[in-house]
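Undergrad: My questions are about this predicted structure, shown below with the sequence.
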Amino acid sequence: MTRTEILIELKKVFAPYTTNKEMLDSINDETDLIKDLKINSANLVDIIIDAEAKYDIEIDYDSADKIINVGTCIDLIMEKLKQDK
Amino acid sequence: MISAGNDIISLNAINIARTKQYRFYSKILSPSEKALYNQATFATTPFENFVWLLWSIKESAYKYLKRNNPDLVFTPVKFIVAELLVPSRYTLTNFEGIQMEGPGFDNRLAIKGLINFGDNTLYSASLLYRELIVSVVNRDENFGNTFWGVKLIGENEASYQSTEVRKFLIDRLQRILNIDGLVMGKTPSGIPIVLNDSEEFPVAISLSHHERFVGYSIQFSEPIKY
């Protein structure tokens, strides 16, 4: 799965939780989940759970602190997908 | 250096079924913290409320420490709530009214906590209602230098929440100090500050919003004369 493919799917993961729907169309690696997408921090665990289900991966405690911006999310998912091969 | 940390949770906005799932709450609670729920005083408190109580304490502690450590990232399970003292007279009730503010928590049935994060020990005070959780964290067990507030607002749109919580805090701070002209600003790392004539005012503040609730805490360097 390429970064672009993950990015497309990640938009669907973020969609229910962002109040900045306009920005969702133009997200890139630097887009911050809380500051830019206005996702409430209380929804960060929801995003982890939804990403786990979508990619059939497990995101452990230590990895969860990489959920900061879109780029770090993609890095984390690619890393977990590689581990599961 | 003083700091401030608060958090609020609108319990009507949480996903109850999901919160009860192990895969969800295990990303917030450590095994030792789950045992805190078995206190008799939590007998009438739903488990999902307990999970979000701990989340709000941990997020408040994270905000408190981030002010002086801007690179800190939030991993809930690394903030350990080691003690949680529920007042013996505590029972779960509805949040009444539109807003609530006060200096400290002396005359309230606040749940007091002790949090460890690395070498840091912090203290928390939380109010838990059926609809709402309010948490405030401090380096000192005494909250006499802390003023806090929570308010129900008309909309949950992000810019409205942001405007309302800033106005709520500034209005109260100006009344406490009997001055005007204070405005909100941010440090280069995004930490909220109060400005007076473009100079940073010597209080630490923390802001929070969730759905239709907004809240703040203000930490003063000396007890508040209120």
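TA: Cool, got the structure. Numbering: from 1, shown residues only, chains lettered A, B, ... in the order given.

Undergrad: Need the three-state assignment for the residue nearest to the spatial centre of chain A.
TA: Residue closest to the average C-alpha location in chain A (Cα atoms, centre = their mean): residue A:73, at 4.5 Å. Counting by DSSP: H, G, I helix; E, B strand; the rest coil, the backbone at residue A:73 sits in helix.

Undergrad: And the contacts of the helix or strand of chain A with the lowest mean pLDDT?
TA: Of all helical and strand segments in chain A, the minimum by mean pLDDT, DSSP states H and E falls on helix A:61-64, at a mean of 70. By Cβ atoms under 8 Å, 6 or more residues apart in numbering or on different chains, the residues outside helix A:61-64 that reach it are A:44, A:48, A:76, A:79, A:80, B:27, B:75, B:76, B:77, B:78. Heads up, the C-betas are built off the backbone N, CA and C, glycines and all.

Undergrad: Who are the contact partners of the closest residue to chain B within chain A?
TA: Closest residue of chain A to chain B, Cβ to the nearest Cβ: residue A:65 (4.0 Å). Residues in contact with residue A:65 (Cβ under 8 Å, 6+ apart) are B:73, B:74, B:75, B:78.

Undergrad: What of residue B:24?
TA: A:45, A:49, B:18, B:51.

Undergrad: roughly how far apart are it and residue A:53?
TA: As judged by Cβ to Cβ, to the nearest Å, residue B:24 and residue A:53 stand 12 Å apart.

Undergrad: what about stretch A:69-78, average pLDDT?
TA: The average pLDDT for stretch A:69-78 rounds to 93.

Undergrad: Max pairwise distance over the contacts of residue A:65: which two?
TA: The largest separation in the contacts of residue A:65, counting by Cβ to Cβ, is between B:73 and B:78 at 9.5 Å.

Undergrad: neighbour-wise, which of those two wins?
TA: Taking other Cβ atoms under 10 Å in any protein chain shown, residue B:73 and residue B:78 do not tie; residue B:78 has more neighbours (17 against 13).

Undergrad: and the gap between the more buried one and chain A?
TA: Relative to chain A, residue B:78 is positioned 7 Å away (Cβ to the nearest Cβ, to the nearest Å).
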